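Engineer: okay, predicted coordinates and the sequence, questions at the end:
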Amino acid sequence: DAGVTQSPTHLIKTRGQQVTLRCSPKSGHDTVSWYQQALGQGPQFIFQYYEEEERQRGNFPDRFSGHQFPNYSSELNVNALLLGDSALYLCASSLDTGASNSPLHFGNGTRLTVT
Amino acid sequence: QKEVEQNSGPLSVPEGAIASLNCTYSDRGSQSFFWYRQYSGKSPELIMFIYSNGDKEDGRFTAQLNKASQYVSLLIRDSQPSDSATYLCAVNPDSSASKIIFGSGTRLSIRP
């Protein structure tokens, strides 16, 4: 049973560039959430995708956008990269049961470094 | 006020003792509460979730929830060096299966 997979594992980009991160959810899951985790901090919610639509969004600028495909996989795009975007980007999947106690299952993350 | 607050630590506990980790949350309507463990350089892994007032036990771990005080805690009995990690408290602030908000984590160190 495949867990959540993310690619790439590491990425180095230059300020101003654009980046795309990819995520495949755990088998049987239909919801994908993206988080940004800076060093020494807890994960910060970016947005969540369900049924190919952005269902909820955290306090992140429009430079952060995403997509969910019919097979439930998802992409996170970040435009006009800033040095402050350097972080671990975590994808988490869950199953929408309509209840509030659906736990998140995390991938191993993508470490993004902006120079 | 942060939505989910934790003491950053480090919390140092001798091997075999009970480690007690605490968390408070601001949204009184919060429904579900989670504890995740994160080893350095790794992604968070779910330890427990709780959504009813009281205690929930799973092996050496006990989660405690007090909605009136907006307080969640995690007890780790018989602490082992392998328990040394950062523990993240997370809260679902509404009744739907939507965003889960994390605290900044408490770093726990078990000394032999």
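Structural biologist: That came through, no problem. As the structure is a prediction and not an experimental result, all values here were calculated from the model. Numbers count the residues shown, from 1 in each chain, chains lettered A, B, ... in the order given.

Engineer: which element is the most centrally placed residue in chain A on?
Structural biologist: The geometric centre of chain A, computed from its C-alpha atoms, lies nearest to residue A:34 (C-alpha atoms, centre = their mean), at 2.8 Å. Assigned by DSSP states H and E, residue A:34 belongs to strand A:31-37.

Engineer: and that strand, which strands flank it?
Structural biologist: Here the strand partners of strand A:31-37, with direction, are listed using DSSP bridges: strand A:44-50 (antiparallel), strand A:87-94 (antiparallel).

Engineer: ok, now which ones touch residue A:8?
Structural biologist: By C-beta atoms under 8 Å, 6 or more residues apart in numbering or on different chains, the residues touching residue A:8 are A:21, A:110. Heads up, the C-betas are built off the backbone N, CA and C, glycines and all.

Engineer: how does it look with 10 Å?
Structural biologist: Contact analysis of residue A:8 by C-beta atoms under 10 Å, 6 or more residues apart in numbering or on different chains lists A:19-22, A:110-112.

Engineer: what's the pLDDT at residue B:68?
Structural biologist: Predicted confidence (pLDDT) for residue B:68: 94.

Engineer: what of the one 3 residues further on?
Structural biologist: According to the per-residue confidence, residue B:71 scores 95 in pLDDT.

Engineer: cool, and the one 5 residues further on?
Structural biologist: Residue B:76 carries a pLDDT value of 98.

Engineer: check residue B:98 too.
Structural biologist: pLDDT, the model's per-residue confidence, is 68 for residue B:98.

Engineer: what helix or strand is residue B:79 located in?
Structural biologist: Assigned by DSSP H and E, residue B:79 belongs to no helix or strand.

Engineer: phi first, then psi, for it.
Structural biologist: Geometry field for residue B:79 lists phi and psi as phi -60, psi 140, criterion degrees, to the nearest 10.
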